[in-house]
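> Make a model of this:
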Amino acid sequence: MRAITGFLSVLPEQMRDPVLFAIPFFLTLLILEWTAARKLERIERAANVHSDRPGSGAYLTADSWASIQMGLISVATTAAWKFIALLGYAAIYAYVAPWHLAATRWYTWVIAILGVDLLYYCYHRCAHRIRVIWATHQAHHSSQYFNFATALRQKWNNSGEILMWIPLPLLGIPPWVVFCSFSLNLIYQFWVHTERIGRMWAPFEFVFNTPSHHRVHHGMDADYLDKNYGGIFIIWDRLFGSFRQETFRPHYGLTKQVNTFNVWTLQTHEYLAIARDFRSATRIRDRIGYVFGPPGWEPSSKVRAEASGSLSASR
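I've put the predicted structure just below:
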């Protein structure tokens, strides 16, 4: 903690990312949950409880280490993307915004936090429905475990979010307030990555994102796919029709699991898959579909051919 504080002391106060201050608390909660998971595993082993899938809140060392590595690298890549964004945001704020909101006013922070979360919802929903954006986000969903380590399994390409935040400096919100609001959003989302917390107080569950809601989001089950995109507030999902209540324990990971703990492969395999599909397509509209269609999109001609082949094989 002292090393992090010393590093931050050389930065201007407004540019000191709250996420860096939160890292020691992330690690503390991760260790506590990991310890509890190990104890539960010993209890289940003694009781001869067997399952073909990871237990609730389970950890796998290789999986967790991959998540931690991705999180540490993400701290650096996010800082680089924020530096690039700062140049553009500062120009928009200084020369284009029709007014400037004071960071000392409470309503500026309310607008910023709500605005960041709404735009995060929009970006997050696009990331699940547009394959080239999904390629940046899928690494976060690649773990078959759901625990605090999974929260650290972050993407390295924040370009989509950087573009999505442009309306905020355009509305006169200081760029550093935008960055700080996003960091607070990210910090909030850490604690919802756990199976140790069940359903919470109903009014809280109605408004805010909770572990129950976020477990649904990470589920690869058909009933749970592409649901519960909210960051801090689940109210956006309720308003825009993407909410799903948790009714059974999800199976976690991707619909096509990537069975590796290599962090480079986890981050890049979908980009390579898009490139292969793009090269294999012979029509321009199919190439566009492979890049900008939803994940799993296939040309109608290929779908018909596969269906015909399956029918022939069944005869």
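> Now stretch 58-73 - C-alpha only, PDB.
Coordinates of each C-alpha in stretch 58-73 appear next as PDB, following Å, rounded to 0.1, in the frame of the first residue of the first chain:
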ATOM      1  CA  ALA A  58     -14.300 -22.500  -6.100                       C
ATOM      2  CA  TYR A  59     -10.900 -21.400  -7.100                       C
ATOM      3  CA  LEU A  60      -8.400 -23.100  -9.500                       C
ATOM      4  CA  THR A  61      -4.800 -21.700  -9.000                       C
ATOM      5  CA  ALA A  62      -3.900 -21.600 -12.700                       C
ATOM      6  CA  ASP A  63      -7.200 -19.900 -13.600                       C
ATOM      7  CA  SER A  64      -6.900 -17.300 -10.800                       C
ATOM      8  CA  TRP A  65      -3.300 -16.600 -11.700                       C
ATOM      9  CA  ALA A  66      -4.300 -16.000 -15.300                       C
ATOM     10  CA  SER A  67      -7.000 -13.500 -14.000                       C
ATOM     11  CA  ILE A  68      -4.600 -11.700 -11.800                       C
ATOM     12  CA  GLN A  69      -2.000 -11.400 -14.600                       C
ATOM     13  CA  MET A  70      -4.700  -9.900 -16.900                       C
ATOM     14  CA  GLY A  71      -5.700  -7.500 -14.200                       C
ATOM     15  CA  LEU A  72      -2.200  -6.200 -13.600                       C
ATOM     16  CA  ILE A  73      -1.600  -5.700 -17.300                       C
END
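> Setting aside sequence neighbours, what's the nearest residue to residue 77?
Distances taken as CB to CB, 6 or more residues apart in numbering place residue 156 nearest to residue 77, at 4.4 Å, with adjacent residues excluded. C-beta: built from backbone N, CA, C; applies to glycine.
> Just give me the neighbour total for the one you found.
Other residues near residue 156 number 18, with proximity taken as other CB atoms under 10 Å.
> How about residue 285?
Residues near residue 285, counting by other CB under 10 Å, number 9.
> Name all residues that make contact with the residue nearest to residue 77.
By CB atoms under 8 Å, 6 or more residues apart in numbering, the residues touching residue 156 are 70, 73, 74, 77, 139, 267.
> and the second one, what element?
This means residue 73. Element membership for residue 73 (DSSP states H and E) is helix 61-95.
> Would you indicate which residues of that helix are buried?
By neighbour count on 16 or more other CB atoms under 10 Å, the buried set for helix 61-95 is 63-64, 66-71, 74, 77-78, 81-82, 85-86, 89, 92-93.
> ok so, going back, could you check which helix or strand contains the residue nearest to residue 77?
Going by DSSP H and E, residue 156 is not in any helix or strand.
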